[in-house]
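> okay, predicted coordinates and the sequence, questions at the end:
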Amino acid sequence: AFFWLVSLLLSSLIWFIAVKASDPRDEPLQKGLLIFGVMFSVLLQEAFRFLYYKLLRKAIEGLVALSEDGCSPISIQQMAYVAGVGFGLMSGAFSMINLLADALGPGTVGIHGDSQLYFLTSAFMTMVLIFLHTFWGILFFHGCEHRRWWEIAAVVVMHLAVSGSTFCNPLYVGSLVPSYLLMAAAAAWAYLLSGGSAQNLRRFLLCK
Amino acid sequence: MITFMNNSDSEEEPCNERTSLMSAESPPVPSYQDGLQASEAGEVQAHRKRRTGSSRSPNNIADGNMSDSGVPVRESTSENEEEELTLKYGAKHVIMLFVPVTLCMIVVVATIKSVRFYTEKNGQLIYTPFSEDTPSVGQRLLNSVLNTIIMISVIVVMTVFLVLLYKYRCYKFIHGWLILSSLMLLFLFTYIYLGEVLKTYNVAMDYPTLFLVIWNFGAVGMICIHWKGPLQLQQAYLIMISALMALVFIKYLPEWSAWVILGAISIYDLMAVLCPKGPLRMLVETAQERNEPIFPALIYSSAMMWTVGMAKPDTAARGPSQQTWDAAEDGRENHRSPSHADPQMSETRSPVPTRPITSFEELEEEERGVKLGLGDFIFYSVLVGKAAATASGDWNTTLACFVAILIGLCLTLLLLAVFKKALPALPISITFGLVFYFSTDNLVRPFMDTLASHQLYI
């Protein structure tokens, strides 16, 4: 969570500088700067995820060295999951909490002609992002562990795709549907990587 | 009201104790740092709330207790095992401290957000005489710096005064001071707080009910904190009084002064705890020489007492026995046990001399709770509360400060486990908190607002 926060800080710093340095009345430029800010932020988030992975790796080595039987009390997969959840929670909290606070107060959604589904879609989008961060955490760490760079690249591309799809808002079908599809794909992938299989799933569902 | 508050502020100032995390030092007794910065007006109510912060790393406490009771269990442990146990239980201690700090912050933020009283400007403390309603920025800055200098010097004076009192064994005076201070906090501030909350929610309460409620609350609080009581109740009371103090600070410190004071106090904490001639360090060393508990009742202790009960052969009632021990350590300035964890240790030693070594070790580790001074709680909550009160980015800023403070606390505890000596708890967390507050408010907020208005997600 802290690492996500720091990445957010740095990316907003960059965006802020860019905005201050540019002409505030130029609409397309502002929009372009915003898009640039978003993409840069995504890249920075992934970079911080990588840094966090490095930090956790060092911590695990330390724990293994100190433990009695040579294995650490917490596995790298658990750490990947926790890291993903942390990222997701922080990202979700920052996206939603002001919205929620405003939702308490008096007001009408979409009174100026914007979409009336603003709150609903924001909620769904946030939820899908939190899940995605969790899965990306698992995938990312797995890729780093086994040196499979294409997995890492896939995570980055997915993140960029999801953020990019939100540019279609308020055409919600363009952003929510691909995001959910990507989430399903990432979920299945992460599940398989964590050792699950169709058999396990069937056994679990049938309570064998 | 203003004068009244000012008088009572003299009590608040004492509460400015600095908390430093202290890990037990190896020879004789685990000592914990007390952050004393009590700034006290001195005249009216001479009570001082001492917030001592101490955090022990498990090994050191074990060592200290060993030497205390003379049972050399731990000495046989190898360095490696000690380190491993440090790390393992370090994580548990971090969690044990996260929960109360989070609770305190939640209470403060909830109050700030709902009760208007604490965000209204209704005068200032006498410790910050310069007003910030000046037309120019430079003048305002100057005033806030002057305010800070006055506040910090009051704190330093009070700390040195306290150290001198301790050195010359004026225990009754200190004890009386602490009792008066907690009396005021428990009764007066609670009364004001309750009044404001009732006003906000438009709930009527007649005076007899009010008197009953406040009397019960205050009396039980005094008993719990200064004498005996269940551990969780005592923890709850300590959290509540920290929150009350933090709320008072948030209300009565002017804006810029508050931020400068927070920064200056972390620097002071750093110096007072680490410099050889710092008052806090001298206090700790004096307490160590005398093998005494430093200050009662103003440290938050998260010690798990149940193992104490387990150690007793006649485990008649685990509950009462743990309460006894828990309470006994707090609020006593007896000369027999030096630290909070120690009384439990020494008392368990006698009934359980024949325990196998492993369980003994577990016992000690479990009993070694982490201690953090109440001043730390107060200043963390002041930072988060100020962020909630004054930031225009609302919840984002508050959340960012919250995470920053917790991470700072984590790092401090880590350093404590590594260095195994007294450490100040304020600097890292407050620095992170300040950095994140200012950067989130000015940089992240416009970014997030623009993103939210276009419904873009990063």
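Received the coordinates, thanks. Residues are numbered from 1 along each chain as shown, chains lettered A, B, ... in the order given.
> remind me what the host helix or strand of residue B:233 packs against, helices and strands.
Per DSSP states H and E, residue B:233 falls inside helix B:231-252. If contacts are counted by 3 or more Cβ pairs under 8 Å, 6 or more residues apart in numbering or on different chains; DSSP states H and E, helix B:231-252 sits against helix B:2-12, helix B:79-114, helix B:190-201, helix B:207-226, strand B:299-301, helix B:318-329, helix B:374-390. C-beta coordinates here come from the backbone N, C-alpha and C atoms, glycine included.
> what packs against the following helix or strand past the longest one?
Per DSSP H and E, the first helix or strand lying C-terminal to helix B:79-114 is helix B:137-167. Applying 3+ Cβ pairs under 8 Å, 6+ apart, one finds that helix B:137-167 makes contact with helix B:171-184, helix B:255-274, helix B:279-290.
> quick one: average confidence on the first one?
Right, the one you point to is helix B:171-184. For helix B:171-184, the mean pLDDT works out to 85.
> again with the last one
Average pLDDT, helix B:279-290: 79.
> now for that helix, which elements pack on it?
strand B:34-35, helix B:137-167, helix B:255-274.
> just to revisit the earlier point, got the helices and strands packed on helix B:137-167 as JSON lines, with mean neighbour count columns?
Listed next are these as JSON lines, based on neighbours: other Cβ atoms under 10 Å in any protein chain shown:
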{"stretch": "helix B:171-184", "mean neighbour count": "19"}
{"stretch": "helix B:255-274", "mean neighbour count": "21"}
{"stretch": "helix B:279-290", "mean neighbour count": "21"}
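> single out the residue in the stretch 101-250 of chain B that lies closest to chain A.
Nearest to chain A in the stretch 101-250 of chain B, going by Cβ to the nearest Cβ, is residue B:113, at a distance of 8.9 Å.
> still on that earlier bit, nearest to residue B:389, of the helices and strands packed on helix B:137-167?
helix B:255-274 (9.3 Å; Cβ to Cβ).
> quick check: buried residues in the helix holding residue B:233?
The neighbour-count check on helix B:231-252 (16 or more other Cβ atoms under 10 Å in any protein chain shown) flags B:231, B:233-252 as buried.
> now that helix - C-alpha only, PDB.
This file holds the C-alpha atoms of helix B:231-252, laid out as PDB (Å, rounded to 0.1, in the frame of the first residue of the first chain):
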ATOM      1  CA  LEU B 231      -5.700  -5.000  30.500                       C
ATOM      2  CA  GLN B 232      -8.100  -4.300  27.700                       C
ATOM      3  CA  LEU B 233     -10.000  -1.800  29.800                       C
ATOM      4  CA  GLN B 234      -6.800   0.000  30.700                       C
ATOM      5  CA  GLN B 235      -5.700   0.000  27.000                       C
ATOM      6  CA  ALA B 236      -9.100   1.400  26.000                       C
ATOM      7  CA  TYR B 237      -8.900   4.200  28.600                       C
ATOM      8  CA  LEU B 238      -5.400   5.100  27.500                       C
ATOM      9  CA  ILE B 239      -6.500   5.300  23.900                       C
ATOM     10  CA  MET B 240      -9.400   7.500  24.900                       C
ATOM     11  CA  ILE B 241      -7.400  10.000  26.800                       C
ATOM     12  CA  SER B 242      -4.800  10.100  24.000                       C
ATOM     13  CA  ALA B 243      -7.600  10.900  21.600                       C
ATOM     14  CA  LEU B 244      -9.000  13.600  23.900                       C
ATOM     15  CA  MET B 245      -5.600  15.200  24.300                       C
ATOM     16  CA  ALA B 246      -5.100  15.100  20.500                       C
ATOM     17  CA  LEU B 247      -8.500  16.700  20.000                       C
ATOM     18  CA  VAL B 248      -7.600  19.500  22.300                       C
ATOM     19  CA  PHE B 249      -4.400  20.100  20.500                       C
ATOM     20  CA  ILE B 250      -6.100  20.100  17.100                       C
ATOM     21  CA  LYS B 251      -8.600  22.700  18.300                       C
ATOM     22  CA  TYR B 252      -6.200  25.100  20.100                       C
END
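> the inter-axis angle of it versus helix B:207-226?
Inter-element angle recorded for helix B:231-252 and helix B:207-226: 110 degrees (by axes from the mean of the first three to the mean of the last three Cα atoms, to 10 degrees).
> mean confidence score for helix B:231-252?
89.
> specify the angle between it and helix B:190-201 in degrees.
With the same axes, to 10 degrees defining the directions, helix B:231-252 sits at 70 degrees from helix B:190-201.
> thinking again about what came up before, can you pull the contacts of the residue of the stretch 101-250 of chain B closest to chain A?
Going by Cβ atoms under 8 Å, 6 or more residues apart in numbering or on different chains, residue B:113 touches residue B:388.
> what about residue 116, how many residues nearby?
All of this refers to chain A. Residues lying near residue A:116 (other Cβ atoms under 10 Å in any protein chain shown) number 13.
> let's do chain B instead
11.
> pLDDT value on it, please?
78.
> what do you get for residue B:110?
90.
> what separates it from residue B:398, distance-wise?
Counting by Cβ to Cβ, to the nearest Å, the gap from residue B:110 to residue B:398 is 11 Å.
> and residue A:136, by the same measure?
Separation of residue A:136 from residue B:398 (Cβ to Cβ): 27 Å.
> who has more neighbours out of these two?
Just comparing residue A:136 and residue B:398: by other Cβ under 10 Å the higher neighbour count belongs to residue A:136, 29 against 25.
> is any residue of stretch A:125-136 near chain B?
Yes - using Cβ under 8 Å from any Cβ of the partner chain as the criterion, contacts between stretch A:125-136 and chain B involve A:125-126, A:129.
> and these as TSV, adding neighbour count?
Converted to TSV, these look like this (neighbours: other Cβ under 10 Å):
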residue	neighbour count
A:125	25
A:126	21
A:129	25
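> nearest to residue B:212 among those?
residue A:126 (46.2 Å).
> surely the closest one is in a helix?
Yes - under DSSP: H, G, I helix; E, B strand; the rest coil, residue A:126 sits within a helix.
> so it sits right up against residue A:95, yeah?
Yes - when contacts are counted by Cβ atoms under 8 Å, residue A:126 is listed as touching residue A:95 (5.0 Å).
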